[in-house]
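Student: show me the folded form of this:
(one chain, ligands or ions: 1)
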Amino acid sequence: MTARQSILDVALKNLEKTTATLEGEVNVELLDTLRLPRERIELTLTPELSGGRIVPFKAFIVRHSDAIGPAKGGIRMTADVSVDDVGGLAMEMTWKCALIGVPFGGGKSGIVAEAHKLNEHDKETLVRSFAHNARRHIGPQIYVPAPDMGTNEADMGHIKDSISYAMGQATTPGCYVTGKPVILGGIPGRREATGRGVVMCVAHAVESLDMDMTSITAIVQGYGNVGSVAAHTLVELGATVVGVSDEFGAIYNSDGLDVAALSLHVKEAQTVRGFAGSKEIDGGELLEIPCDVLVPAATAGQITAANAPNIQARIIAEGANSPTAPEADGILADRGVLVIPDILCNAGGVFVSYLEYTQETQQEQMTVEQVQQRLSERMGERFSQVRQFALERKLPMREAAMHIAVKTVCEALEARGYQP
Ligand code: NAD
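Tutor: Alright, predicted model coming up:
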């Protein structure tokens, strides 16, 4: 098996393609500056874990751009996260925030650890160690983290507590972290926002292709936060979810999976495997099974030049960040597959994080209904903008989304003016 390219390599290739479509529209020297991050930090965490073990963990923080505002982006805790992955994800966050229209720049963090192998106590200790060591790089006007793969609401609560404690205050003034528990200033509906936003995009794509949500079949890769919420929301809108997978394997049933029962099974078994009423198949094979909508909602580099020719889906909705290699994009476009790019498709999470940020700054509280209404309006608006631009300029949706986003960031840089 060939090693996957880093997320930074993918992000740079996508930026390169955009540079061609932006020629004559922006100052190319600005595009060169956007190839590099503003700040790239490597940390060594040395928490004391259960049994008194002192274990070193590597961690990274990258702030790619603060042209539009403080950096925003999640904390990934996986065994294979690299500084280049974090750099690529931070760059993607810059484009995503600009595209979805929130006043943030792009950032990301990574902690090299197998989240699911840590017991609850050790995970909390590691997260607090990250908060302690990263403290001077985090803040409402610097970088505001959120959950990503391997981290969740509870972890964000611990980060808020660690930073408040370090500041000697009951609670931090302003928003230091989003995706927190509601009781700690989090916002209802944040956990579901990314998965729901993905399906809102799917619904618009289905409509624009004259298809009907109630007669489509879907396959979801990854059954964590984004994937499981996407699967539930697809079913809520009448679609049939025929297959899902996680890092341990994949399951399939051509008549549809009972996702409510599946989520109960996953709670118990910690995997989708072994779910009654489904057959187990290979995770790679799942991506190539005929279906209308494929939702990669796991990790990067899943759709490549090798499997793109075999993918049968009419729509690919990128719940994950960077799931498609640039080499696969051309193949999918030639085959008429509509790819809803990550920087649009999974932007619901950062949009609702922005609502959480404003709620906390203004000491207000929003209801879940208000959050869902705002999310639905924004996703619909930005989907239409990108789709229309793609049709006008005869571009794949990724190139259209990148064009709009990168141009917006360049406009912000021009408006700020240049530093000595
Ligand atoms: P998570 O840790 O909750 O879930 C990840 C899921 O993917 C798990 O089910 C895991 O078993 C599975 N997985 C990992 N490798 C796999 C593989 N090779 N094949 C199949 N399944 C695999 O993470 P999440 O928060 O749901 O994030 C999933 C993706 O969505 C990531 O790419 C993340 O960057 C992106 N994303 C998340 C958010 C958010 O709000 N959580 C926002 C935007 C984008």
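
Student: the ligand contacts on the stretch 251-400 of the chain?
Tutor: 283, 297-299, 319-321, 346, 349 (Cβ under 6 Å from any ligand atom). Yep, even glycine has a C-beta here, placed from its N, CA and C like the rest.

Student: make JSON lines out of those residues and add pLDDT.
Tutor: Shown next, in JSON lines, are these (pLDDT from 0 to 100):
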{"residue": "283", "pLDDT": "97"}
{"residue": "297", "pLDDT": "98"}
{"residue": "298", "pLDDT": "97"}
{"residue": "299", "pLDDT": "94"}
{"residue": "319", "pLDDT": "98"}
{"residue": "320", "pLDDT": "97"}
{"residue": "321", "pLDDT": "96"}
{"residue": "346", "pLDDT": "98"}
{"residue": "349", "pLDDT": "97"}
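
Student: please enumerate residues in contact with stretch 325-339?
Tutor: Stretch 325-339 is contacted from outside by 4-5, 10, 13-14, 17, 205, 209, 301, 303-305, 307-309, 311, 313-316, 318, 324, 396-398, using Cβ atoms under 8 Å, 6 or more residues apart in numbering.

Student: 6 Å instead?
Tutor: 13, 205, 301, 303-305, 308-309, 315-316, 396 (Cβ atoms under 6 Å, 6 or more residues apart in numbering).

Student: for the ligand, give me its nearest residue in the stretch 151-300 of the chain.
Tutor: Nearest residue of the stretch 151-300 of the chain to the ligand, counting by Cβ to the nearest ligand atom: residue 224, 1.7 Å away.

Student: tell me the contacts of that residue?
Tutor: By Cβ under 6 Å, 6+ apart, residue 224 has no neighbours at all.

Student: for the residues of the stretch 251-400 of the chain next to the ligand, pick the one with the most neighbours.
Tutor: With neighbours defined as other Cβ atoms under 10 Å, the most crowded of these is residue 319; it has 32 neighbours.

Student: name the SS class of that one, please.
Tutor: Of the three states, residue 319 takes coil under DSSP: H, G, I helix; E, B strand; the rest coil.

Student: closest one of the contacts of stretch 325-339 to the ligand?
Tutor: residue 301 (9.0 Å).

Student: longest single helix anywhere in this structure?
Tutor: Longest helix in the chain, counting residues (DSSP state H): helix 368-393.

Student: just checking, what packs against that one?
Tutor: Contact partners of helix 368-393 among helices and strands, from 3 or more Cβ pairs under 6 Å, 6 or more residues apart in numbering; DSSP states H and E: helix 190-208, helix 348-362, helix 397-416.

Student: run through the strands of the chain in chain order.
Tutor: Taking DSSP state E as the test, the strands found in the chain are 39-45, 57-65, 71-72, 75-78, 105-112, 143-144, 217-221, 240-246, 249-252, 279-281, 293-296, 315-317, 338-340.
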